[in-house]
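**Student:** Okay, here's the prediction I keep looking at, along with the sequence it came from:
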Amino acid sequence: MKRSLCTILTTARKTAAKRARDPAALSPRSQRGPRAHATDTHTWERESRMNPDEQQDCECAPPQAKSSPAGGSDRSSGEPLYENIESNRMKRAAAKHLIERYYHQLTEGCGNEACTNEFCASCPSFHRMDNNTAAVKALDLYKISAKLCDPHPSKKGTCSAYLENSAKGAHNSCSERKMDRKDLHPARDDFKDLNYLTEDKVYEILEICSEKEDYSPLIRVIGRVFSSAEGLVQSFRKAKQHTKEELKSLQAKDEDKDEDEKEKAASSTVADAAAAAMEEDSLASSSRLGDRVVLGHNNIHRLGPDEVSVDIEAVRRVYIKLLANEKIETAFLNALVYLSPNVECDLTYHNVYSRDPNYLNLFIIVMENNNLHSPEYLEIALPLFCKAMSKLPLPAQAKLVRLWSQYSSEQIRRMMETFQQLITYKVISNEFNSRNLVNDDDAVVAATKCLKIVYYANVLGGDVDTDHNEEEDEEPIPESSELTLQELLGEERRNKKGPRVDPLETELGVKTIDCRKPLIPFEEFVNEPLNDVLEMDKDYTFFKVETENKFSFMTCPFILNAVTKNLGLYYDNRIRMYSERRITVLYSLVQGQQLNPYLRLKVRRDHIIDDALVRLEMIAMENPADLKKQLYVEFEGEQGVDEGGVSKEFFQLVVEEIFNPDIGMFTYDETTKLFWFNPSSFETEGQFTLIGIVLGLAIYNNCILDVHFPMVVYRKLMGKKGTFRDLADSHPVLYQSLKELLEYEGSVEDDMMITFQISQTDLFGNPLMYDLRENGDKIPVTNENRKEFVAQYAEYILNKSVEKQFKAFRRGFHMVTNESPLKYLFRPEEIELLICGSRNLDFQALEETTEYDGGYNKDSRIIKEFWEIVHSFGEEQKRLFLQFTTGTDRAPVGGLGKLKMIIAKNGPDTDRLPTSHTCFNVLLLPEYSSQEKLKERLLKAITYAKGFGML
């Protein structure tokens, strides 16, 4: 149902007058909020009691007849006054006619595509505006006598003819002019009674337009339906949900209702018109949609939890037909601009989805537009639509995820690219910094929230395994015996409920870790331009505070790369360290005891395992909270001060000892170069717990370890059990054998003669038998039960055989990381990168990011010679150089380009060796006299680099 122009003009005049009196007093209703409605109601009631002279300001109101006391007309006594009133009325009618022409010119245009009038909607450079703005602008154009376009031939017989008739019959009422328009132009069918679309109706209109070579009727129908929430919701319904009779009945009721409201508007007072106009902006689509639901409640098919009533295939066919025409595509664009604010209002204030789940049809239909990612949509239309879509309640988002998860990978990629292009466009076209945060950009935030829906559809539509979850630890991780800072202040610990969980994951019952292979790779959801401008310290603050006013991109970790997420984890770890330090100080004041604010380890280099693991075991038993303090390592008899470098070497030495095959805690596979838990190890569970603590401490203190676990270990740490597919990585020979068993076409029982009993060897080579099923040695493996055999075999190798060792290992790991957002932010492959660093050593990237000090620069002779020597090193020598300079032979997350190494001048030519500060990645390099001497001194330094001293 359209608002009458008279209503809009009346509202616009009052708006313009109010703006002239007090520009700051006028604000959109959607921004004023619900509390403003009561004030508006009193205003409408006050205006409804206007006197007859005030009511003459509305041309739609019937003229007030003056009567004598006797009941007859007293025209003779008031002839001059009557003529003045009549003259004024005619002038107002003429002025109204011009304003109406300006209004139609601003909203519909003259029809000439080459129009040069900047105030005409047909002009290519014209910026679209909503109805209220157009009405106000029409008044302004009337005051300055702006240019009016002559109607183009394609417009003849429509709005221009209507305006001409209204000018000739200005003395008639509004309802009479509407009748004149209908009677004088019956030959033209503008389908004004069409409130929704079907596939057949679109093809019918398209055929009529093609015959006449005039697509304006179709453009107007699309503009009307696609800009109306209730019209779009009712469009393209599946045939089985309504019979033709039911649809006609619903449409007839809507038409009757529209006619009644038109008659009411024509005879209403100015106050009623103003009230209707203001109410229309925020309540129109939701209230009328609610009425539609009430009227058709008994006829609408009850939808299942994952069903939708829209015919998606029909929508796709219609888009293919229509988007080939540029004029029609513009109609979709303009309609989306008008539609989105009303939809946002419906979802924000009126809870429309809970009343009618079919409201979701609107978003399904719009997202099927393959041109949404085109430049024309990026400026206004798509940002507005994303803001509306981001207001969808959680059940509606989950329903969209389930629907889109059934789409093909190409369709998921198209929707992903649509939102990614909007984010990239907004990031590139704005200058974001610490003062102008990208978190405050509504379009970027809304597009990210919409991208989240597509991301989970990508997860749910992939290869998902919601079973095979690791059991939670039976014994909770012991709490600290000390009072926490929050408890001392009378507050509870914020994260006591456990790590953060995404609400949409809970609603769907699926997690990212459950997805083995998504429809499209996870990496495609990362937006690098966004990562470049994101102020991670501010974003982390918003993430921890969890306020509705500030959005954190850490709540959508799929859009962040591993480097950015690692920075967020670094802030979390550091803040937790500082918190533990403050707690220690406060506790010492309360108890009167001097406590250590650091996790201090003093070890002997020759007995590093004994010293470190015994000390860590004592801490884990007495006060596990101390593990969250900053690590401070001291080697006995050495002068090195730990600013990070000493800890790096400590972890390196511990890992070398722990994974020594002679100890027997882990087995080593020569073909894969990977370690696995030894199921027959003689070490206690406590030893494996301490190894888990070491791994957690490495992450917590931002140290990279040279460990080589298969990916299944990280998946198990994240809560997923190992399955047959994981054997391909951890036990490739066994995997290949079991795969051949599954693919064998002959008789498995006769040809292979295997049973449900398997054998393994212990450390001494003795065979150990294990029954996969009770009395497994008597149960042959057949073609029918071979899948069960393979599943049970994998379950034993990856889970049951190492259950005791792995549970202890995981327990130690969680002692350090249980309150960390590690599981929330990272996928298993990213955790491996976090712990082990990158295996790709790009020394060219390291050279480009290296800084110089003490008189050196990139053009210095010795610097050029230095890089020439380093680039000539072999793989092993490059790793030794990294170990010497940074304390580890692995590249950090993001590669060597993220290392930030510094080369400083350390005096003139000398026989001294180069030295380094591994805590700060600083290489102290004397200015040697020749390249040969530089190479000889450097090789000797990196080859015999052990121990720390004071310079």
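**Tutor:** Received the coordinates, thanks. Numbering: from 1, shown residues only.
**Student:** any idea how far Gln883 lies from Arg811?
**Tutor:** Relative to Arg811, Gln883 is positioned 31 Å away (criterion: C-beta to C-beta, to the nearest Å). Placement of C-beta: from N, CA and C, glycine included.
**Student:** I should have written Lys96 there, sorry.
**Tutor:** From Lys96 to Arg811 the distance is 81 Å (C-beta to C-beta).
**Student:** Stretch 775-782 spans what distance, first to last residue?
**Tutor:** In stretch 775-782, first residue to last residue: 16 Å (C-alpha to C-alpha, to the nearest Å).
**Student:** which regions of the stretch 51-200 of the chain lie under the pLDDT threshold?
**Tutor:** In the predicted model, the stretch 51-200 of the chain carries pLDDT under 70 at residues 51-87, 89, 151-190.
**Student:** ok, 80 please
**Tutor:** Along the stretch 51-200 of the chain, segments meeting pLDDT under 80 span 51-95, 97, 111-114, 127-128, 130-132, 150-190.
**Student:** do the stretch 501-650 of the chain as well
**Tutor:** 546-548, 580-581, 583-597, 622-623, 625, 637-646, 648-649.
**Student:** Tell me where it has helices.
**Tutor:** Secondary structure of the stretch 501-650 of the chain (DSSP state H, counting those that start in this stretch): helices at 503-508, 528-533, 536-545, 562-591, 608-622, 645-658.
**Student:** now for the ones you listed, which one comes closest to Asn433?
**Tutor:** Among those, helix 528-533 comes nearest to Asn433, with 7.7 Å by C-beta to C-beta.
**Student:** what comes up buried for the closest one?
**Tutor:** Pro529, Leu530, Asn531, Val533 (16 or more other C-beta atoms under 10 Å).
**Student:** In a markdown table: the residues you listed, plus distance to Gly874.
**Tutor:** Below are those laid out as a markdown table (distance: C-beta to C-beta, whole Å):
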| residue | distance to Gly874 |
| --- | --- |
| Pro529 | 37 |
| Leu530 | 39 |
| Asn531 | 34 |
| Val533 | 39 |
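**Student:** Can you tell me which of those residues is nearest Val438?
**Tutor:** Among the buried residues of helix 528-533, and counting by C-beta to C-beta, the member closest to Val438 is Val533, at 5.3 Å.
**Student:** The closest one reaches Ser429, doesn't it?
**Tutor:** No - using C-beta atoms under 8 Å, Val533 is not in contact with Ser429; the gap is 11.6 Å.
**Student:** now Val421, what's its secondary structure?
**Tutor:** Actually, residue 421 is Gln rather than Val. Classification of Gln421 by DSSP: H, G, I helix; E, B strand; the rest coil places it in helix.
**Student:** quick one on the thing from earlier: what's the closest of the helices of the stretch 501-650 of the chain to Leu833?
**Tutor:** Between those, helix 562-591 lies closest to Leu833; by C-beta to C-beta that is 5.7 Å.
**Student:** Tell me which residues of that closest one come out buried.
**Tutor:** 562-569, 571-573, 576-577, 580, 583-584, 586-587.
**Student:** for stretch 421-428, same thing?
**Tutor:** Taking 16+ other C-beta under 10 Å as the criterion, stretch 421-428 shows Gln421, Leu422, Ile423, Thr424, Tyr425, Lys426, Val427 as buried.
**Student:** Not counting its neighbours along the chain, what's nearest the second one?
**Tutor:** Distances taken as C-beta to C-beta, 6 or more residues apart in numbering place Ala447 nearest to Leu422, at 4.6 Å, with adjacent residues excluded.
**Student:** swap in the last one?
**Tutor:** Leaving out its chain neighbours, the residue that sits closest to Val427 by C-beta to C-beta, 6+ apart is Pro529, at 4.5 Å.
**Student:** Quickly note the distance from the one you found to Ile658.
**Tutor:** Taking C-beta to C-beta, one finds Pro529 at 42 Å from Ile658.
**Student:** which stretches of the stretch 201-350 of the chain form helices?
**Tutor:** Under DSSP H, counting those that start in this stretch, the stretch 201-350 of the chain gives helices at 216-226, 229-234, 244-267, 270-295, 312-322, 326-349.
**Student:** Lowest average confidence across those helices, which one?
**Tutor:** When the helices of the stretch 201-350 of the chain are compared by mean pLDDT, helix 270-295 comes last with a mean of 39.
**Student:** Point to the residue nearest the middle of the protein.
**Tutor:** Taking C-alpha atoms, centre = their mean, the centroid of the chain lies closest to Thr448, which sits 3.1 Å from it.
**Student:** which stretch of helix or strand covers that one?
**Tutor:** Following DSSP states H and E, one finds Thr448 within helix 442-460.
**Student:** what angle do that helix and helix 326-349 make?
**Tutor:** Between helix 442-460 and helix 326-349, the angle comes out at 90 degrees (axes from the mean of the first three to the mean of the last three C-alpha atoms, to 10 degrees).
**Student:** Just checking: what are the partner strands of the helix or strand following helix 442-460?
**Tutor:** Moving toward the C-terminus from helix 442-460, the next helix or strand (DSSP H and E) is strand 463-464. Here strand 463-464 is paired, per DSSP bridges, with strand 515-517 (antiparallel).
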